[in-house]
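Enquirer: My questions concern the predicted model and sequence given below.
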Amino acid sequence: MQRWEYMTVAIVRSYGTKYRVNGTIIAEWNDIPLYEMLQRAGRQGFELVAIDEGSYIFKRPFLGRTGPLRANTGEQTVNREDSV
């Protein structure tokens, strides 16, 4: 059975634009345009599947990896929830 890994991104507009990924603000993403946030998520294998009250919901196939979500194309770590 296919398993999925999910990520939510909320936009916080306060003195600029900030992105909260699974509840954690990603400082490296501060003030980037929306299309760039979508590009970065896509480069990590995430597909946008829904928008719910200003939160963007992404998924990608779960391959058994538990490595960190990369904030940019580097290796920054953010806290993320276990996949279902």
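Expert: That came through, no problem. Numbers count the residues shown, from 1 in each chain.

Enquirer: can we go C-alpha only for contacts and neighbour counts from here?
Expert: OK.

Enquirer: Could you check the pLDDT of Pro61?
Expert: At Pro61, the model reports a pLDDT of 95.

Enquirer: and if you look at Gln76?
Expert: Gln76 is assigned 39 on the pLDDT scale.

Enquirer: Then Gln2?
Expert: On pLDDT, Gln2 comes in at 89.

Enquirer: how far away is it from Pro61?
Expert: 7 Å (CA to CA, to the nearest Å).

Enquirer: And the two? Which one has more around it.
Expert: Higher neighbour count among Gln2 and Pro61: Pro61, with 14 against 6, using other CA atoms under 10 Å.

Enquirer: wait, doesn't that one sit right on Glu5?
Expert: Yes: here Pro61 reaches Glu5: they are 6.0 Å apart, a contact under CA atoms under 8 Å.

Enquirer: so what strands line up beside the top strand by length along the chain?
Expert: If you go by DSSP state E, the chain has its longest strand at strand 4-13. Take DSSP bridges as the rule and strand 4-13 pairs in its sheet with strand 17-21 (antiparallel), strand 55-61 (antiparallel).

Enquirer: tell me the mean pLDDT for the shortest one?
Expert: Per-region confidence: strand 17-21 scores 94 on mean pLDDT.

Enquirer: Tell me how many other residues crowd Glu47.
Expert: A total of 17 residues lie near Glu47 under the criterion other CA under 10 Å.
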